[in-house]
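> everything below, folded, please.
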Amino acid sequence: MQKRNLILLLFVFLCAGLHAQAPAPVGGNTLWITKSGEQYLTRLLQDIDQARSTIEIEYYWFDTDSAGRFVRDALIRKAQEGVQVRVLMDNLITPLAPEAFYRKMRKAGVKVTYVHDFEKLCPGQSVASVFGYRDHRKIVVIDGRIAYTGGINFNNETIYVWKDTQVRIEGPAAAQPRALFEESWTLFTGEKAAPAVQARAVGSAVVQAVGSVSRDTTLTHLYVQTLNRAKDYFYLQTPYFGPPQAVLQALKDAAQRGVDVRLLFPAKCDWGFMNSLTQDYIPELIASGIRVFVYNGVYDHSKLFVTDDSLSSCGTVNLDGRSFHTNWEDAFLFYDGESARQVKQTFLDLQAECAEMDASYPQAKGLNKAWRRFLRKIYRIL
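Prediction:
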């Protein structure tokens, strides 16, 4: 039975149209999922404290506030114990952060590298080449056997105020996000990748780690092919909605052939113009048979989907053009029923707190279609 399931999973993977270098799904893992930043931080610090050989971190936002200091100080302790600790971060969001914060890590033996090195900018270098792309990944790998990803940053707002979804895997699949980290580390430092580590099987979850880089089509293929193969349902939560046209059409097509397609958005996100863009799509989605739910509580920054009790995902991917075409992103895909049921329940728990939009939802301030298309283009540029 196990062999047959793995053959089926490999078939799904090959049909998904992912990047040719994406690894195949691998079994033998455990999954832990949380919607609490504080639970994530507590579990992560425990895992860091128990690290014996390596800690690798590729992170979008590593702030200098108390949440960031908890992580920094834990990394310093492990580096002083002789654990190899490497941190790659997209520092564009806090370019003016005190260098002393990171110097303390370096002094303890932590290797810290920035994606955007402002000290090495060349005269005449284009603004787009510096500010246009972002490393939006949130990968932590410990001893090559434990890996985390999700939407939570190392800062007080996302740890203590917002809601979000973070997943932890343990087992052989941790080698895949570690490989994503190694590719990035080699690119930005020139150092050779460290040898792969093969962790022992500890559970039954079947996991694949997918990474995307600027201007590739990995995510578009993943979402379009997943939607094209959905039979019963497809549930997705995202804080921002402004998808590529191919993904938008695949959502509509799935709903129109009878798939139960549900989208869940926050009523108000942290970027005002993204509120306008997301809300502009709602009448169009409802008209296509898609159920839209809006959450008015504490801001929820989760990025996840689940379909047919067989495939689910959690990662850093927002359903907008920046995630699909510009940023570097990552996501864990789960190809087993138990993982799918966990992600599905996470979605349904929040849906129970949402208001469902219906056909009475107004068009965006009565604007005509041409004007709305123009505004969408402006929002996409922003």
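> show me where this structure has its helices.
2-15, 37-49, 66-80, 99-107, 127-131, 156, 175-189, 218-229, 245-256, 272-287, 321, 337-351, 369-381 (DSSP state H).
> point out where the stretch 1-150 of the chain drops to low pLDDT.
The model of the stretch 1-150 of the chain has pLDDT under 70 over residues 1-21, 93-97, 117-132.
> what's the answer for the stretch 251-382 of the chain, then?
In the stretch 251-382 of the chain, residues with pLDDT under 70: 271-273, 362-373, 375-382.
> export the helices of the chain to TSV and tack on mean neighbour count and distance to residue 236?
Any C-beta I mention is one placed from the backbone N, CA and C, and that applies to glycine too. Below are the helices of the chain laid out as TSV (neighbours: other CB atoms under 10 Å; distance: least, CB to CB, whole Å):
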stretch	mean neighbour count	distance to residue 236
helix 2-15	12	18
helix 37-49	17	21
helix 66-80	18	28
helix 99-107	14	36
helix 127-131	10	29
helix 156	15	28
helix 175-189	20	22
helix 218-229	20	9
helix 245-256	18	8
helix 272-287	18	11
helix 321	19	16
helix 337-351	18	8
helix 369-381	13	19
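> residue 296 is nearest to which of those helices?
helix 337-351 (11.4 Å; CB to CB).
> what's next to the closest one, contact-wise?
31, 33, 35, 165, 204-207, 235, 237, 262, 264, 293, 295, 300, 302, 304-314, 334 (CB atoms under 8 Å, 6 or more residues apart in numbering).
> render the CA-only coordinates of that helix in PDB, please.
This file holds the C-alpha atoms of helix 337-351, laid out as PDB (Å, rounded to 0.1, in the frame of the first residue of the first chain):
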ATOM      1  CA  GLY A 337      -4.300  12.700   4.000                       C
ATOM      2  CA  GLU A 338      -3.500  13.400   7.700                       C
ATOM      3  CA  SER A 339      -1.500  16.500   6.900                       C
ATOM      4  CA  ALA A 340      -4.300  17.700   4.600                       C
ATOM      5  CA  ARG A 341      -6.800  17.200   7.300                       C
ATOM      6  CA  GLN A 342      -4.700  19.300   9.700                       C
ATOM      7  CA  VAL A 343      -4.400  22.200   7.300                       C
ATOM      8  CA  LYS A 344      -8.100  21.900   6.400                       C
ATOM      9  CA  GLN A 345      -9.100  22.200  10.000                       C
ATOM     10  CA  THR A 346      -6.900  25.200  10.400                       C
ATOM     11  CA  PHE A 347      -8.800  26.800   7.500                       C
ATOM     12  CA  LEU A 348     -12.200  25.800   8.800                       C
ATOM     13  CA  ASP A 349     -11.500  27.100  12.300                       C
ATOM     14  CA  LEU A 350     -10.900  30.500  11.000                       C
ATOM     15  CA  GLN A 351     -13.800  30.300   8.500                       C
END
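> tell me how far that helix is from the chain's mean position?
Its chain's C-alpha centre and that of helix 337-351 lie 17 Å apart, by CA atoms, centre = their mean, to the nearest Å.
> need the strands for the stretch 51-200 of the chain, in chain order.
With DSSP state E, counting those that start in this stretch as the criterion, the stretch 51-200 of the chain has strands at 54-59, 84-89, 111-114, 138-142, 146-150, 166-170.
> can you redo those strands as a markdown table with distance to residue 253 and mean neighbour count?
Formatted as a markdown table, the strands of the stretch 51-200 of the chain follow (distance: least, CB to CB, whole Å; neighbours: other CB atoms under 10 Å):
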| stretch | distance to residue 253 | mean neighbour count |
| --- | --- | --- |
| strand 54-59 | 35 | 24 |
| strand 84-89 | 38 | 22 |
| strand 111-114 | 42 | 18 |
| strand 138-142 | 31 | 26 |
| strand 146-150 | 29 | 27 |
| strand 166-170 | 29 | 25 |
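> of all those, which lies closest to residue 283?
Of all the strands of the stretch 51-200 of the chain, strand 146-150 sits nearest to residue 283, with 30.7 Å by CB to CB.
> past that closest one, which element shows up next along the chain?
Counting by DSSP states H and E, the element after strand 146-150 in chain order, helix or strand, is helix 156.
> avg pLDDT for that following helix?
Mean pLDDT, helix 156: 96.
> begin at 22 from now on, thanks
In the new numbering, first residue 22, that becomes helix 177.
> what's next to stretch 98-112, contact-wise?
Contacts for stretch 98-112 (CB under 8 Å, 6+ apart): 69-70, 72-83, 96, 118, 126, 129-137, 155-157, 202, 205-206, 209.
> what's the answer for stretch 214-229, then?
Taking CB under 8 Å, 6+ apart as the rule, stretch 214-229 contacts 26-27, 30, 34, 43-52, 75, 164-166, 190-197, 199-200, 203-204, 206-207, 353-357, 359-360.
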